[in-house]
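Student: Fold the following, please.
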Amino acid sequence: MYAAFAVGLTIALGKFLDWWFFTMLSRPIFLISILGILLGNPVEGVILGASMELIFLGTTSIGGVVPQDIVIGSVFASALALVYGQETSVAVALSVPLSLLGSIFWNFFKSLITLLAEKFEKLIEDKNIKAFKRLWIGQYIAFLMCYFFIGFFGFLLGADAINSLIQYIPKWITASLTVAAGMLPALGMALLMTTLWDKTLAPYFFIGFALITFFGGTLISVAFIGCALAAVIAFNDLSKNKQGKAEVANGIEVNMDEEDFFND
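Tutor: All right, here's what the predicted structure looks like:
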């Protein structure tokens, strides 16, 4: 019961952060860490969150299109691994189909909310601000509660069946899931690279690759070096911008002096 409550609460929290604040706090690396704390497995939660983040690293929502529901996919799959002690690879492999199922719920709920658009417009025309606020808050709370109940009842009612299914999964299927899970993080990185790749960024990519492959660096050391390089680039850009503004200002002063000379 408590595990189901934790799952529902984490999913509702993810949707709250995603809709209201539009921050990266709805990403798996944060949500699964919270779920791990709630379920009493903080270390496993951080590990699972990092694994899930690699899978969905290149998944973005453009406009109203949600290709995959990252919150539902990552939270449900991670909860199964944390509660039933499954391998990370199993959770990683299950997260993708669950995220696709979650996108159906997302589109359905957003379609229902869109039906209230005419009611909102009518309240604005009538200048009934109080009713407008009540309706907006009401539909928002209903939206979050729907996701809470999806997480709660979905995990509670399906817990026994899912546990039995996991116990009866043949080893060769588990091995296949492990292989597929190893490929999914690379796929997530590839999706991200397709949107960010630029010839000016290529040297930094190969520097990071060389530091780990040839010099035995760790992700933390490479991230530290990357932050230092980013700071150097940022300071150089700021310096160039200030210099450019100063040159423009000096050019304007020179032009004004010339005009004053000819005017005299």
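Student: mind listing the helices for the chain?
Tutor: For the chain, applying DSSP state H gives helices covering 2-16, 28-38, 42-55, 70-84, 88-114, 117-125, 129-167, 171-196, 202-213, 219-263.
Student: now what about the shortest one, what contacts it?
Tutor: When contacts are defined by CB atoms under 8 Å, 6 or more residues apart in numbering, helix 117-125 is touched by residues 129, 131-132, 135-136. Just so you know, the C-beta spots here come from the backbone N, C-alpha and C atoms, and that holds for glycine as well.
Student: And for Pro227, the neighbour number?
Tutor: Careful, residue 227 is Cys; it's not Pro. Cys227 sits with 10 neighbouring residues when counted by other CB atoms under 10 Å.
Student: Tell me how the chain divides into domains.
Tutor: Structural domains of the chain, as assigned by automatic domain parsing, span the residue ranges 2-197, 198-264.
Student: Send me stretch 2-9 as CSV with only the CA atoms.
Tutor: Provided in CSV are the C-alpha atoms of stretch 2-9 (Å, rounded to 0.1, in the frame of the first residue of the first chain):
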residue,chain,number,x,y,z
TYR,A,2,2.8,2.4,0.9
ALA,A,3,4.7,1.6,-2.2
ALA,A,4,1.7,2.3,-4.3
PHE,A,5,1.2,5.6,-2.5
ALA,A,6,4.8,6.6,-3.2
VAL,A,7,4.5,5.7,-6.9
GLY,A,8,1.3,7.8,-7.2
LEU,A,9,2.8,10.7,-5.3
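Student: what residues are up against Thr10?
Tutor: Contacts for Thr10 (CB under 8 Å, 6+ apart) come out as 31, 34-35, 38, 75, 79, 151.
Student: Closest one to Gln68 out of the residues you listed, please.
Tutor: Closest to Gln68 out of these is Val75 (12.9 Å), distances taken as CB to CB.
Student: OK, contacts around that closest one?
Tutor: The contact partners of Val75, by CB under 8 Å, 6+ apart, come to 7, 10-11, 14, 28, 31-32, 35, 151.
Student: redo that, cut-off 7 Å
Tutor: Contacts of Val75 were listed using CB atoms under 7 Å, 6 or more residues apart in numbering, and they are 7, 10-11, 14, 31-32, 35, 151.
Student: is it possible to export the residues you listed to TSV including distance to Val96 and pLDDT?
Tutor: Converted to TSV, those look like this (distance: CB to CB, whole Å; pLDDT from 0 to 100):
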residue	distance to Val96	pLDDT
Val7	18	83
Thr10	19	87
Ile11	17	85
Gly14	17	84
Leu31	17	87
Ile32	15	87
Leu35	18	88
Gly151	18	81
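Student: sorry, back to before: highest neighbour count among the contacts of helix 117-125?
Tutor: Phe132 (17 neighbours).
Student: and of the contacts of Val75, the nearest to Leu238?
Tutor: So of the contacts of Val75, ranked by how close each gets to Leu238 (CB to CB), first place is Leu31, at 34.3 Å.
Student: re earlier: which pair in the contacts of Thr10 spans the largest distance?
Tutor: Between any two of these, the greatest separation by CB to CB is 12.9 Å, found for Ile34 and Gly151.
Student: Who has more neighbours out of those two?
Tutor: For Ile34 versus Gly151, neighbours defined as other CB under 10 Å are more numerous around Gly151 (27 against 19).
Student: picking up where we left off before, tell me which of the contacts of Thr10 is nearest to Ile104?
Tutor: Of all the contacts of Thr10, Gly151 has the smallest distance to Ile104: 15.3 Å, by CB to CB.
Student: Tell me how far the closest one lies from Gly36.
Tutor: According to CB to CB, to the nearest Å, Gly151 and Gly36 sit 15 Å apart.
Student: swap in Trp136?
Tutor: From Trp136 over to Gly36 (counting by CB to CB), the distance is 33 Å.
Student: what about the closest residue to Cys146 other than its chain neighbours, how many residues close to it?
Tutor: With CB to CB, 6 or more residues apart in numbering as the criterion, Cys146 has its nearest non-adjacent residue at 6.1 Å, and that residue is Phe109. Neighbours of Phe109 under the rule other CB under 10 Å: 17.
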